[in-house]
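Asks: structure of the sequence below:
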Amino acid sequence: GESLDAEALAAAGTSATVEGSELSFSANGEAVNDVNVICSNVPTANATVHIIDQVLLPPAVVEALTAAAGGDAMEDGDAMESALEPTGPGCAAVPADGEGSFVGMADDPAATAASNNPLLSTLVTAVGEAGLVDTLNGEGPFTIFAPVNDAFAAIPEEDLAGILADKDLLTSILTYHVVGGEMSSADLVAAGSATTVNGADLTFAETDGALTVNGAATLCMDVPTANATVHIIDAVLVP
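Replies: Residues are numbered from 1 along each chain as shown. Here you go, the predicted structure:
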């Protein structure tokens, strides 16, 4: 309801956000909740924008993340970094460096990132057979549930060969593993379900601190790529 410049914010000292919590402003107008303002007083047609160098988290979120971290106090930036860090028992199998590492995958779109990860070679073959490489390397953003090689190996060999040979069936299965928009494991658990690109829904729950997808276990959650958040799972999901 207000379009406040840096001088007005500094004079006010604090202001309630649309979320309901308050932000505090430095007397010189160069900080918001102790986060640096990189460029202030940017005019748009309906707002005054102040560009900052960190994501601000509401107090309730910081408290929840602090509790999850064992009680160690977190600042806004630290909490967000922790929240987005890949976790899960299968994360140790991801290469420590190179293009297939977490750092390497973060720079590439989803299909390219998967092609550099040895855990996902069968998935990469399936995506290629379905002609979905360009789609998954597109603008997105996406949330992708990526079955590891062992998940495909659990399918009888003749059945898997039949699926790979049937492009329509293969596309239906693979698009059942993709949700439009980026959602973290916490987002998915909070939502409970989401509609996939396939058109059918997936259901989510938290079991022993880890995300489950239609009952399938997540081996490594919250893996960032350039256009998607990837959750590596231990089963192939079937619509």
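Asks: can you get me a residue count around the residue lying closest to Ala216 once chain neighbours are set aside?
Replies: The shortest distance from Ala216 to any non-neighbouring residue, by C-beta to C-beta, 6 or more residues apart in numbering, is to Ala235 (3.9 Å). Bear in mind the C-beta positions are built from the backbone N, C-alpha and C, glycine included. Residues lying near Ala235 (other C-beta atoms under 10 Å) number 18.
Asks: and what of Gln54?
Replies: 17.
Asks: same question for Asp108.
Replies: Counted with other C-beta under 10 Å, Asp108 comes out at 18.
Asks: got the contact list for the helix or strand hosting Asp159?
Replies: Assessed by DSSP states H and E, Asp159 sits inside helix 157-165. Residues outside helix 157-165 that contact it (C-beta atoms under 8 Å, 6 or more residues apart in numbering): Thr125, Ala126, Glu129, Phe152, Ile155, Leu169, Leu170, Ile173.
Asks: so Gly138 touches Val197, yeah?
Replies: No - taking C-beta atoms under 8 Å as the definition, Gly138 is not a contact partner of Val197, at 11.6 Å.
Asks: excluding its backbone neighbours, what's nearest Ala205?
Replies: Thr212 (5.0 Å).
Asks: sorry, wrong one. I was asking about Ala210.
Replies: Closest residue to Ala210 apart from its sequence neighbours, by C-beta to C-beta, 6+ apart: Thr218 at 5.5 Å.
Asks: helix or strand next in line after the strand or helix carrying the one you found, which one?
Replies: Using DSSP H and E, Thr218 falls within strand 216-224. Next in sequence after strand 216-224, counting helices and strands by DSSP H and E, comes strand 228-233.
Asks: re the thing from before, which of the contacts of helix 157-165 has the most neighbours?
Replies: In terms of neighbours by other C-beta under 10 Å, the contacts of helix 157-165 top out with Ala126 at 22 neighbours.
Asks: contacting residues for that one?
Replies: Phe152, Ile163, Leu164, Leu170, Leu174 are the contacts of Ala126 under C-beta under 8 Å, 6+ apart.
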